[in-house]
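Compute the structure for the input listed below.
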Amino acid sequence: MFEIERSANGNVHLHGRLDAAEVEKARGVFDQVAESCVIDFAGLNYISSAGLGLLFATQKRLVDAGGALTLVNLNPHIREIFQIAGFDNIFEIE
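Predicted coordinates for the structure are as follows:
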């Protein structure tokens, strides 16, 4: 199960599993992100390559427009995935 929500301050909160079956649901929210924002991974316990691809595409679009994503509250497993993929050099991870 996957849930995504955008708070009043524009932050995006992820919960559950972001995999290929859920990436279109997430795309609907990420396509609405037009400026720098924080993505809160506190409730996310899994991300697939499809989810990574969506984040990468969003980051590229925002950087081209002068913005960026900041990723927070990654659990150790997801943080390791980002490091192995080299995404820790692409995203600001707190």
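
From residue 50, how far out is residue 75?
Relative to residue 50, residue 75 is positioned 19 Å away (C-beta to C-beta, to the nearest Å). (Each C-beta comes from the backbone N, C-alpha and C, glycine too.)

Please apply the same query to residue 77.
Spatial separation of residue 77 from residue 50 under the definition C-beta to C-beta is 17 Å.

in the chain, which spans are strands?
Taking DSSP state E as the criterion, the chain carries its strands at 2-6, 12-18, 37-47, 69-72, 92-93.

Mean neighbour count, the ones you listed: which tops it?
Across the strands of the chain, averaging neighbours per residue (mean count of other C-beta atoms under 10 Å) puts strand 12-18 on top, at a mean of 19.

got a list of contacts for it?
Residues from elsewhere that reach strand 12-18 (C-beta atoms under 8 Å, 6 or more residues apart in numbering): 1-7, 22, 26, 29-30, 33, 37-48, 50-51, 54.

Apply 10 Å and report the result again.
Applying C-beta atoms under 10 Å, 6 or more residues apart in numbering, the set of residues contacting strand 12-18 from outside is 1-7, 22, 25-26, 29-30, 32-33, 37-48, 50-52, 54-55, 58, 69, 71, 73, 78.

would you put the C-alpha positions of it in PDB?
Output of strand 12-18 as PDB, limited to C-alpha atoms (Å, rounded to 0.1, in the frame of the first residue of the first chain):
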ATOM      1  CA  VAL A  12       5.400  15.900   0.200                       C
ATOM      2  CA  HIS A  13       4.900  13.000   2.600                       C
ATOM      3  CA  LEU A  14       5.400   9.400   1.400                       C
ATOM      4  CA  HIS A  15       4.000   6.300   3.200                       C
ATOM      5  CA  GLY A  16       4.300   2.600   2.500                       C
ATOM      6  CA  ARG A  17       5.800   1.200  -0.700                       C
ATOM      7  CA  LEU A  18       6.600   3.300  -3.800                       C
END
